[in-house]
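Fold the following.
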Amino acid sequence: MDCYVTGGAIKRLRENKGITQQQLAEKIGVSSKAVSKWETAKGLPDITLIEPLAKALGVSVAELMSGERVVNGNTSANMLRAKFYVCPVCGNVLHSKGGAVISCCGITLPPLETEECDEEHSMTIERVEDEHFITVNHEMTKSHFISFMAYATTDRLQLVKLYPEGNAETRLQLRGRGYLYVYCNKHGLIKKRV
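Residues are numbered from 1 along each chain as shown. Below you'll find the model as predicted:
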């Protein structure tokens, strides 16, 4: 597993909490020598100790795994800062209103990098009643397809999941200025200012 708690993270979080190795060891029922081994990278905590270790350090399991404390600044979210994630195992499409630690099927997912719209992924937008009909002239085979389309403005996000052998089209309400996103399973996340 490439994302496992490190000794440096345990030491930093323990020191930030202001407790000794002995105090941490007592809280989770291990010896202080075990904590010392973890912090000097001579050993790793057993998987069964991850949750109690996170609780003793006053952080979530995700914070323990990343080694960084997450502080909620309670800032207002802007959907234009949306980040998208796609699970390579099950195909789940996930999103956040900014930076986040997202995992699915036991894998920590990196946010998708966006590319500007190109000719291969050009979008046609037609107004139909109170919505817009968006079409991408793109093949929809099992090996190369558009996985989802989304539209983000400052206050809302609309996302439609698409499937191979269907059509690369959907209807969305395009209100205000924002970004239209199209995710190609081979070329990544494409965005276009609308």
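
least trustworthy helix or strand in this protein by mean pLDDT?
Lowest by mean pLDDT, DSSP states H and E among the helices and strands of the chain is helix 61-66, with a mean of 79.

does the residue nearest to Glu131 when sequence neighbours are not counted sit in a helix or strand, and which one?
Spatial nearest neighbour of Glu131, chain neighbours left out: Arg171 (4.5 Å); criterion: C-beta to C-beta, 6 or more residues apart in numbering. No exception for glycine: its C-beta is placed from N, CA and C like everyone else's. Taking DSSP states H and E as the criterion, Arg171 maps to strand 169-172.

Quick check: mean pLDDT of that strand?
On average, the pLDDT along strand 169-172 is 94.

which residues sit against it?
Contacts with strand 169-172, where a contact means C-beta atoms under 8 Å, 6 or more residues apart in numbering, come from 128, 131-136, 149, 151, 158, 160, 162, 180.

Give me the buried positions along that strand.
169-172 (16 or more other C-beta atoms under 10 Å).

Relative to whichever helix or strand comes after that strand, what are the paired strands and their orientations?
Per DSSP H and E, strand 169-172 leads on to strand 179-184 as the next helix or strand towards the C-terminus. Strand 179-184 has its sheet partners listed here by DSSP bridges as strand 146-152 (antiparallel), strand 188-193 (antiparallel).
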